[in-house]
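# Predicted model and sequence follow; I will ask about them next.
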Amino acid sequence: MSIAARTARRTTGSAAVTAASFLLLAGAGILAAPAAFAGIPGASSAVDRNDDFNGDGYADLLTGAPEGAVDGKEGAGYVTVQYGAPNGIGTGTTVPKGRVQVVSQSTKGVPGTSEAGDRFGQAVATGDLDGDGYDDAVVGVPGEDEGAVEDAGRVTVLYGSKAGLGAENTVTVTAAEPTAGARFGLAVAAARFSGDIDADQMVVLDQKTGLNVFTYHAGVLRQVGTPQSTGHAVQGAYLTTGDYDSDGLADLVVSGYSPDDDYTKGWSAYYAGGTEGLGHRRDLRGGLGTASGDINGDGYDDLVVGQLSAVDDTAGAADAPGGLVGVYYGGEDGPAGTEGPGTAPEWWSQNSPGVPGSAEPDDAWGNDLSVADVDADGYADVAVGAPGEDVGSAADAGAVWLLRGSPTGLTATGAQSFDQNTPASPGARRPATGGVPRCGWWTPTVAAGASWWPPHPRRTRVTAGCGCCPRAGTDCSRTAPGRTAPPPSVAAPTAPASAP
């Protein structure tokens, strides 16, 4: 099936969920794969967030729980697959919604063995790697030992089919030369970066070689390159995709920090997709948290970056000690700052006019980000997480802000903030003790999860994904400290002693 045919198919499925709930749910160790946004205004145009594993036209939800226990082994990790249906994603408890799968390295047919600290599901992505019209699941396992090589890491790929994801159609990918501590699979992405390939490519990040690009050929995923940055040294931790130059091919942003700088001052490297694949264009300020979408509706995806502390080119940064969010607007030359490519982004903080609240040290405002058109006005909106935000007397309870997209770009007009005391938010605020969920949720179109997770102290991670809740206000029960929080609008999937 052609890429165009697949896109048309997903438009129908996505339209059925536009009335679904939008939420940002925080908990211990939950990551959602970027998902299909075809047909939803303000969505990323070529990020290729495709997640229809069984080809029925309805978006499915892939969620990683890297801290989950399997066979009693803490941090072995697993992923949950919730299949879409006409009235929402599967919950495993209600009919006729779609079914639910729980997959780990203890699942029959999945290579490997569940071991403590493997972190299966640390990173997840979706895309049609083999070009058969069914999307595939890419799962990072950065804590996997390869023989005697500790934390070398690997990636597990579950191929889609008419029946969905099947363990019998699963392969693993490792680095050409596994290296101790490389954590291959720390971050993953899948999208159509090359105009010469009628399928998605897989990108895997590790801490030794950096980027590793794989293409499906003759039944095998083969490494085809390791794109190198020619600019500022960026120690990558996350991957973000979007069509920032609107050429119909996905581009890639590697975000993290610079070994030559304070880790709270993030950096990102922009790689443009093209006929010959990914090529480095320039480096960008910010990157401890990134997301993409068309905020001003001009047909170019925009890049949103987080920054935990002020940088030299941040106007008024001394008045924003709690974190910053920068917006690079897309154009013919890709994401650009306020004065063109290579310049500083449009900076925002809690002290920006119209933004609720005030900036305080250690709020970590902008640490977590997701982008989607939550009000269906054709302009993508930005959700900003601040896991260190105090709520009343509850220290570090966390909160979420929603800033709106508009024809002129991001605006504070109509900005809102949410915490677990906001009406319809599940649970109540709690102090930040180990594993206690934090943040809040609201209404319509994307799901996201957060977890406290290295590579750096005080670092938390939110990854957006597309899911559908049957209605606003659906209860998502909190979980006990140290347990994995449930995906949006569903009960927490239980990983059996030996996952199926």
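Thanks, I have the structure now.
# if I look at residue 195, how far off is residue 128?
Applying C-beta to C-beta, to the nearest Å, the value for residue 195 to residue 128 is 16 Å. Where C-beta positions appear, they are placed from N, C-alpha and C, glycine not excepted.
# Looking at these two, which one has more neighbours?
A direct count of neighbours by other C-beta atoms under 10 Å for residue 195 and residue 128 places residue 128 higher, at 26 against 14.
# isn't that one right up against residue 198?
No. The criterion here is C-beta atoms under 8 Å, and residue 128 misses it with residue 198 at 9.6 Å.
# Give me the below-cutoff pLDDT ranges for this protein.
Under the criterion pLDDT under 70, the flagged ranges of the chain are 1-49, 90-98, 229-233, 260-264, 310-320, 423-500.
# burial count for residue 422?
Residue 422: 16 neighbours (other C-beta under 10 Å).
# right, I mislabeled it, should have said residue 339
With other C-beta under 10 Å as criterion, residue 339 counts 8.
# my read: residue 341 touches residue 282, true?
Yes. In this structure, residue 341 is within contact of residue 282 by C-beta under 8 Å, at 6.5 Å.
# any common contacting residues for these two?
Both residue 341 and residue 282 are in contact with residue 334, where contact means C-beta atoms under 8 Å, 6 or more residues apart in numbering.
# neighbour-wise, which of the two wins?
Neighbours around residue 341 and residue 282, counted as other C-beta under 10 Å, are more numerous at residue 282. The numbers are 19 against 16.
# Beta-bridge partners for the more buried one, please?
residue 270 (DSSP bridges).
# Could you measure from it over to residue 234?
For residue 282, the distance to residue 234 - C-beta to C-beta - is 11 Å.
# Can you pull the residues that touch both of the two?
residue 269.
# Just the residues contacting the helix or strand hosting residue 211, thanks.
Assessed by DSSP states H and E, residue 211 sits inside strand 210-217. Under the criterion C-beta under 8 Å, 6+ apart, residues 129-131, 173, 175, 184, 193-194, 197, 199, 201-206, 221-229, 236, 252, 254, 271, 277-278 lie in contact with strand 210-217.
# Tell me which strands that strand pairs with, and in which orientation.
The strands beside strand 210-217 in its sheet (DSSP bridges) come out as strand 201-206 (antiparallel), strand 220-225 (antiparallel).
# Quick one, which of those gets closest to residue 258.
Comparison of the strands paired with strand 210-217 against residue 258 by C-beta to C-beta identifies strand 201-206 as nearest, at 15.6 Å.
# Could I get the full set of helices for the protein?
3-15 (DSSP state H).
# Could you find the closest non-adjacent residue to residue 354?
In space, and not counting its chain neighbours, residue 354 is closest to residue 412: 2.9 Å by C-beta to C-beta, 6 or more residues apart in numbering.
# wait, that neighbour sits on residue 350?
No. Checked against C-beta under 8 Å, the pair residue 412 and residue 350 is beyond contact range at 10.5 Å.
# So if I had to pick from the two, which one is more boxed in?
residue 350 (26 against 14).
# contacting residues around that one?
Contacts were defined as C-beta under 8 Å, 6+ apart; by that measure residue 350 touches 320, 322-323, 356-360, 363, 365, 386, 401.
# any idea how far the nearest residue to residue 161 once chain neighbours are set aside lies from residue 126?
Once flanking residues are discounted, residue 161 sits nearest to residue 134: 5.6 Å by C-beta to C-beta, 6+ apart. Residue 134 is 11 Å from residue 126, where distance means C-beta to C-beta.
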